[in-house]
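Colleague: Sharing a model prediction with you, sequence too.
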Amino acid sequence: MLKYISKRIFLVLFVLLGVTIITFCTMHFAPGDPEEVIAIARYGEDLTQEQIEWVKVTEGFDAPIYAQYLKWLNHVLHLDLGQSLVTSENVLKEITTRFPATMILAFSSLIISLTIAIPAGIISAIKKNTIIGQFFMTGSLIGVSIPNFWLGLLLIWLFALTLHLLPSYGYGGLSHLILPALTLGTSMAAITTRLTRSSMLDVLSQEYIVAAKAKGLDNRTIILKHALKNAMLPIITFAGMQLGFLLGGSVIVETIFAWPGIGKLLVDSIYARDFSMVQGCVLVIGVTFALTNLAVDITYAFLDPRIRYE
Amino acid sequence: MNKFSSEYRNKVINKLHLPEAFLQNRTAVIGGMLIVLLSFIAVFAPYISLHDPLEQNMGNRLCSPSFEYPFGTDNLGRCVFSRIVLGTRYSLGIGIMVVSISSFIGTTLGIISGYSRGMIDESIMRFVDIVLAFPSIILALVIAGVLGPSLLNVVIALALTHWPAYTRLVRGISFSLREKEFVEAAKALRASDIYIMRRHIFPNCIHPIIVLATLDIANAIIFATALSFLGLGIQPPTPEWGSMLKAGIPFMRTFPFLTVLPGIAIMTIVLSFNFLGDGLRDMLDPKGNELMLVNE
């Protein structure tokens, strides 16, 4: 197992290196030279050639591109993500103040999603060829097909504008959390339901389930004690992907509900063409995602004896 | 046991012929019919719409649905029905373009990767890992945001983030096919590698690719509307559903249909592709991966 884990860690380090390269490149995708982009963000549209030259020299854009990357990477490794081009705030500081809001939203959505999806997935697996099973499957397809920004707006319309039960946007108590978490959680539940179902179906077709049936155990014991435990493994692996889904979805949901998380920060920075903030957000999201996947892989290795004793 | 049952199933399907098997799958048929209908609307949009979708009529702002304006008018007095009809073209067009480009890139790399193995395989797959290290909507968002909002940039951003799924899928198939006797036979006949990849490996990848591509169109359409909704995709006054939704928000309290209708349109088109893809998977690729439906 040590071999497995060290291989995973090596791969993640490689992926992280790639993440920094892609993040660094985003700046250079922009039409026009990066020094011009920064100069516009700093001094406005009316630029003199001297201002552009000044930025080019002070920001080090006259060096060859690999040297710029290595210099930037060196800063990143020392946890220095630079300053915002617009507000001159420290990028890392801004991101760390925003991060908890995104995590709160992500975890509440995860809980909502699992509360809906695990029972729904199990029921639709057990009642596979009945109307109930069909109902859950069609329902989850519809759930996957609803754009979450639209779902968010519908929830605002219903609960905030029409029923006046909940605030439509902002950050604060539990009442502010309900609508965004519901939006993100239900759209994720649709996918998790399908995953739970297929994983449950896989397990139910195994021979030890047949053996348990032959032993005369009742269905309830078979499903809860024998099947569910094994069916949960792929669902745990899926947690990594779910985090990706949550981080991606949070960009849209946070923007709709003015939830001050990292997703909204990213979108706002794109609007303001604040590229150092964009780079910082992309980097933090990429690193979080990669490290979560590593953690999931290692947990999985501990949980699954087939890997543990390898 | 599973292996036998899926083999048996494939035999049954071959016996039934695909069209008949398709017709037995109710959701796939519904999805397919909706797609035909939507394509018809997209092609004949100018003949179906009642007004010029860009024509502003300040005397008729925010009208409720009437005989002349079936879905009412928006805040600039434009006919919402005509705008939604024309919007079909954008969503369908973007979905098809993105999937054509990304499936072409992804399949090519996947076949090469699985067939050649070794260093080439390793480097292609590690590159895939890196692209997949970001939630794809975030990468698409940043690319579209940096390039600037336009239709072409939406297509570029989505194609650049959608191809790895095809590479992973195709690489697995290509990897296992390399050992098969018919590939050995072709090699013994001194067929070139490119010939083998094109004539022997690729045809065996088509079914799973079709399934993935159908589900991926749904995915690409949602992403494209999300980008436009955030103001980073297609810009007003173009009647794109995502940007129409965004434009309707200020009037949500009094005229909710301005946000409800484009949303229903998006959901319908996405749902029909998901229905069709799901049905096709049951039919063509019964052991297929549930994860394909994920849109991060």
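Modeller: Ah, there it is.
Colleague: For chain A, tell me whether whatever helix or strand B:Gly277 lives in is touching it.
Modeller: B:Gly277 is part of helix B:257-284, with elements assigned from DSSP states H and E. Yes: judged by CB under 8 Å from any CB of the partner chain, helix B:257-284 comes into contact with chain A through B:259-260, B:263, B:266-267, B:270-271, B:274-275, B:278. Quick note: C-beta positions are derived from backbone N, CA and C, even for glycine.
Colleague: near chain A, which residues of the stretch 1-150 of chain B show up?
Modeller: By the rule CB under 8 Å from any CB, the part of the stretch 1-150 of chain B lying against chain A is B:1-2, B:27, B:126-127, B:129-131, B:133-139, B:141-143, B:145-148.
Colleague: 7 Å instead?
Modeller: B:1-2, B:27, B:126, B:129-130, B:133-135, B:137-138, B:141-143, B:145-148 (CB under 7 Å from any CB of the partner chain).
Colleague: Need the pLDDT of A:Ile307.
Modeller: Looking at A:Ile307, its pLDDT stands at 66.
Colleague: actually A:Ser6, sorry about that
Modeller: pLDDT for A:Ser6: 87.
Colleague: Just name whatever secondary elements the helix or strand that contains it is in contact with.
Modeller: Assessed by DSSP H and E, A:Ser6 sits inside helix A:2-29. With contacts taken as 3 or more CB pairs under 7 Å, 6 or more residues apart in numbering or on different chains; DSSP states H and E, helix A:2-29 sits against helix A:65-77, helix A:275-303, helix B:118-131, helix B:136-147.
Colleague: PyMOL command to pick out the buried ones of the residues of the stretch 1-150 of chain B next to chain A?
Modeller: Command for PyMOL that selects the buried part of the residues of the stretch 1-150 of chain B next to chain A, burial taken from 16 or more other CB atoms under 10 Å in any protein chain shown:
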select buried, chain B and resi 27+129+130+133+134+135+137+138+141+142+143+145+146+147
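Colleague: Do you have the helices of the stretch 51-200 of chain B handy? List them.
Modeller: B:80-116, B:118-131, B:136-147, B:151-177, B:181-188, B:193-196 (DSSP state H, counting those that start in this stretch).
Colleague: export those helices to JSON lines and tack on distance to A:Ala125 and mean pLDDT?
Modeller: As requested, the helices of the stretch 51-200 of chain B are exported to JSON lines (distance: least, CB to CB, whole Å; pLDDT from 0 to 100):
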{"stretch": "helix B:80-116", "distance to A:Ala125": "30", "mean pLDDT": "93"}
{"stretch": "helix B:118-131", "distance to A:Ala125": "31", "mean pLDDT": "90"}
{"stretch": "helix B:136-147", "distance to A:Ala125": "28", "mean pLDDT": "89"}
{"stretch": "helix B:151-177", "distance to A:Ala125": "25", "mean pLDDT": "91"}
{"stretch": "helix B:181-188", "distance to A:Ala125": "37", "mean pLDDT": "88"}
{"stretch": "helix B:193-196", "distance to A:Ala125": "41", "mean pLDDT": "89"}
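Colleague: Point out the most buried one among the ones you listed.
Modeller: helix B:136-147 (a mean of 25; mean count of other CB atoms under 10 Å in any protein chain shown).
Colleague: That one: how far from the chain's middle?
Modeller: Centroid separation for helix B:136-147 versus its chain: 17 Å, with CA atoms, centre = their mean, to the nearest Å.
Colleague: could you check the angle helix B:118-131 makes with it?
Modeller: Put simply, helix B:136-147 runs at 80 degrees to helix B:118-131, going by axes from the mean of the first three to the mean of the last three CA atoms, to 10 degrees.
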